[in-house]
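Trainee: Return a 3D structure for these sequence lines:
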Amino acid sequence: MKKKLIVVILLLALLVGGYFYFKNTQISHADKALVLYGNVDTRQVTLGFRVGGRIERIFVDEGDTVHAGDVIAELDAEPYRLQLDLCNANLAAAEANLKKLENGYRSEEIKRMQAAKKAALAQLKNAEIQHERNVTLLDEAVIAQKDVDASLASRDTLLATLELVDAELELKENGYREEDIAAARAQVASAKASVEAQELNLKDCQLIAPEDGTVQIRSKEPGAMVAAGTGIVTETLNSPVWIRAYIPETLLGEIQSGMKVDVYMDSDPEQPAAQGQIGFISPVAEFTPKSVETATLRTDLVYRIRIVVENGAERLLQGMPVTIRTQLSAR
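Mentor: Take a look at the predicted model:
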């Protein structure tokens, strides 16, 4: 009898234990959470002037918050203003020259050449009459042959002068050559490009913050001479903020791009500091970095993932270690 009672008690214990084990297993599987560890990544940009010169003012210091469009520093812009004035003067001269060529010669110049042609015609007519008279006088043996030769030379000279005046008049009436006008247009275009380049140089005497962020490093001071591209300040951008984490190969099938995650800071492990989603899963395996703490051996292969922080990024700082948790679907 005692043996039967013991067997019944053992069976009941096994049944009750199996029930609770099965129930607990289902609950833990349904509520299974994936926990990963990673570090915050932010982008930094070293800001410098596109042109060189002497720093006149710096308006920020390390730790200052800046917004996109804020003026961070200024160069002494006077040399660039003077250069711009020179370029504007060259442009004005080129435009005036082009206008002169396009308008052609002045009417007064054309009238003067017309008058010169009339005078040349009159002189030629008189020379021709004189030459004809000399030929007649030579036939009558009144003058010598040299007088006839002189009048002939005078007539031919005036004829050539008339041809020259006539050609000059035609040139002024037709205006300047198209090739000359095209060259003048090219000079105007070149002068305009110089003006635009100098305007850009003058504009670049101001160093502008490209995005919202925080000044991390101030490496120069007012009065320093800097070359183009020299770093003045380093800004840590507020956005985008990523978290670099690693997942073992055995858990790779549990995640996918777009999966929502919660991000926890060590200073407040109970409340999520930010929310994000998995944005990138590396297709290449690598060895576990020494800086990453996981439950697996350090020699295990892992895959790098990037988590894009969607909100709460203002609490996360560059390099900060964080914990990532996400709920897995029941299977």
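
Trainee: give me every residue that touches the residue nearest the centre of the chain.
Mentor: Against the mean C-alpha coordinate of the chain, by C-alpha atoms, centre = their mean, the closest residue is residue 50 at 10.8 Å. Applying C-beta atoms under 8 Å, 6 or more residues apart in numbering to residue 50 gives the contacts 201, 204, 228, 229. Yep, even glycine has a C-beta here, placed from its N, CA and C like the rest.

Trainee: counting contacts, what elements does the host helix or strand of residue 240 pack onto?
Mentor: Taking DSSP states H and E as the definition, residue 240 sits inside strand 231-248. Judged by 3 or more C-beta pairs under 8 Å, 6 or more residues apart in numbering; DSSP states H and E, strand 231-248 is in contact with strand 33-48, strand 53-58, strand 71-75, strand 213-218, strand 274-287, strand 301-311, strand 321-327.

Trainee: out of these, nearest to residue 112?
Mentor: Closest approach to residue 112 among the helices and strands packed on strand 231-248 is made by strand 53-58 (53.4 Å; C-beta to C-beta).

Trainee: and the helices and strands packed on strand 231-248 as a markdown table, adding mean neighbour count, distance to residue 147 and mean pLDDT?
Mentor: Below are these laid out as a markdown table (neighbours: other C-beta atoms under 10 Å; distance: least, C-beta to C-beta, whole Å; pLDDT from 0 to 100):
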| stretch | mean neighbour count | distance to residue 147 | mean pLDDT |
| --- | --- | --- | --- |
| strand 33-48 | 17 | 89 | 90 |
| strand 53-58 | 17 | 81 | 97 |
| strand 71-75 | 20 | 83 | 97 |
| strand 213-218 | 18 | 99 | 93 |
| strand 274-287 | 15 | 108 | 84 |
| strand 301-311 | 19 | 109 | 87 |
| strand 321-327 | 17 | 118 | 90 |
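
Trainee: Okay, residue 125 and residue 35: tell me how far apart.
Mentor: 115 Å (C-beta to C-beta, to the nearest Å).

Trainee: er, residue 277 actually
Mentor: 17 Å.

Trainee: before we move on, back to that, next, the residue nearest to the centre of the chain: secondary structure please.
Mentor: coil (DSSP: H, G, I helix; E, B strand; the rest coil).

Trainee: Nearest spatial neighbour of residue 79, chain-adjacent residues omitted?
Mentor: Counting by C-beta to C-beta, 6 or more residues apart in numbering, the nearest residue to residue 79 once its immediate chain neighbours are dropped is residue 53, at 6.8 Å.

Trainee: just checking, that neighbour touches residue 223?
Mentor: No - counting by C-beta atoms under 8 Å, residue 53 does not reach residue 223; the two are 11.4 Å apart.

Trainee: can I assume residue 211 is in contact with residue 239?
Mentor: Yes - with contact defined as C-beta under 8 Å, residue 211 reaches residue 239; the gap is 7.1 Å.

Trainee: Compare those two and say which is more crowded by neighbours.
Mentor: Set residue 211 next to residue 239 and count neighbours by other C-beta atoms under 10 Å: residue 211 wins out with 16 against 12.

Trainee: end-to-end on stretch 208-223?
Mentor: 19 Å (C-alpha to C-alpha, to the nearest Å).

Trainee: cool, stretch 302-322 as well?
Mentor: Note: stretch 302-322 ends 18 Å apart using C-alpha to C-alpha.

Trainee: same check, this time on stretch 285-302
Mentor: 6 Å.

Trainee: With stretch 49-69 instead?
Mentor: Start-to-end, stretch 49-69 (C-alpha to C-alpha) is 15 Å.

Trainee: so residue 260 bridges to which residues?
Mentor: residue 277 (DSSP bridges).

Trainee: give me phi/psi at residue 221?
Mentor: Backbone torsions for residue 221, taken as degrees, to the nearest 10, come to phi -130, psi 160.

Trainee: Ok, the one 3 residues further on next?
Mentor: Listed backbone geometry of residue 224 is phi -70, psi 140, with angles given as degrees, to the nearest 10.

Trainee: want to try a markdown table for the helices and strands packed on strand 231-248, with distance to residue 105 as columns?
Mentor: As requested, those are exported to a markdown table (distance: least, C-beta to C-beta, whole Å):
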| stretch | distance to residue 105 |
| --- | --- |
| strand 33-48 | 53 |
| strand 53-58 | 47 |
| strand 71-75 | 48 |
| strand 213-218 | 63 |
| strand 274-287 | 71 |
| strand 301-311 | 71 |
| strand 321-327 | 81 |
